[in-house]
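Enquirer: Just a sequence and a predicted model for now, questions to come.
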Amino acid sequence: AAGAGPVTYDSAARDASGGDLLTAQRRALPHEVASSAGKNGARVVRLEMNEASRPGRPLYERFVAAWRRVPDKSMRLVYHATEEKNYAAILRDGLDPRRRGGKNGRMGGTGEYFGKTVRASAFYGDRGSRKMLIFALLVDRSGVVSEDRAHKGEICVDKIDHQLPIAVVTRSTSSRTPAYWTGCRSARSARQPLEPNPV
């Protein structure tokens, strides 16, 4: 089920056929995101695919080249929250390794941080933001710096070519929406650890 442990995909057959390496991920995305958000009291109202992640585009080709080099071909869908002003550049160019650390530190090592679930990443978005980035991530151990070290549900990867931003999700507002969906900056500034992730 979506959000329950590693949801991985092996795309060797798709790559051999000359098609989109991420066909399985793109098809699974609506269900997985809706399931993860729904378990936390929110509803997905929009899922926008990133055209820069399509075959033939530089970000996609960089990701596929990395996938061909690594022994472990599995991937997973992960989440990344940041200030919304950064979204356009990230969707176009990927995450910028020069900005590693920043205001959220490097508790899990040096690299880019992703949530294995919606809940794990929502903590880092703009206050009141209803958006979050979704990435396809190579989980070959050559790029994984840590998993669950900084906070439960987080994974840190230090190879930018192992990361592909494929979509932006927007959730609904709801009276049931937990505080972490609204960007708990007060808790974050106090460096409070996240609760064990239930999804």
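Expert: Right, received. Where do you want to start?

Enquirer: Where does the prediction get shaky in this protein?
Expert: 1-18, 100-108, 126-128, 148-150, 173-199 (pLDDT under 70).

Enquirer: Strands of that one, start to end?
Expert: 8-10, 44-49, 74-80, 112-115, 131-138, 144-147, 154-157, 163-171 (DSSP state E).

Enquirer: May I see those strands organised as JSON lines, with mean neighbour count and distance to P55 added?
Expert: The C-beta positions use only the backbone N, C-alpha and C, and glycine is treated the same way. Converted to JSON lines, the strands of the chain look like this (neighbours: other C-beta atoms under 10 Å; distance: least, C-beta to C-beta, whole Å):
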{"stretch": "strand 8-10", "mean neighbour count": "14", "distance to P55": "16"}
{"stretch": "strand 44-49", "mean neighbour count": "13", "distance to P55": "13"}
{"stretch": "strand 74-80", "mean neighbour count": "22", "distance to P55": "15"}
{"stretch": "strand 112-115", "mean neighbour count": "25", "distance to P55": "23"}
{"stretch": "strand 131-138", "mean neighbour count": "24", "distance to P55": "13"}
{"stretch": "strand 144-147", "mean neighbour count": "18", "distance to P55": "25"}
{"stretch": "strand 154-157", "mean neighbour count": "24", "distance to P55": "22"}
{"stretch": "strand 163-171", "mean neighbour count": "22", "distance to P55": "12"}
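
Enquirer: E48 reaches V168, doesn't it?
Expert: Yes. Applying C-beta atoms under 8 Å, one finds E48 in contact with V168, separated by 4.7 Å.

Enquirer: about what we covered before: mind putting the strands of the chain in CSV, distance to D93 included?
Expert: Formatted as CSV, those follow (distance: least, C-beta to C-beta, whole Å):
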stretch, distance to D93
strand 8-10, 24
strand 44-49, 17
strand 74-80, 14
strand 112-115, 13
strand 131-138, 13
strand 144-147, 21
strand 154-157, 16
strand 163-171, 9
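
Enquirer: what about those, which gets the closest to P58?
Expert: strand 163-171 (11.0 Å; C-beta to C-beta).

Enquirer: Now do the buried residues in the lengthiest helix in the chain.
Expert: For the chain, the helix with the greatest residue count under DSSP state H is helix 23-38. In terms of neighbour count (16 or more other C-beta atoms under 10 Å), helix 23-38 has its buried residues at T23, A24, Q25, R26, L29, E32, V33, A34, S35, S36, A37, G38.

Enquirer: Please name the residues that touch the last one.
Expert: By C-beta atoms under 8 Å, 6 or more residues apart in numbering, the contact set of G38 is V44.

Enquirer: roughly how far apart are it and D93?
Expert: Plainly put, G38 is 31 Å away from D93 if you go by C-beta to C-beta, to the nearest Å.
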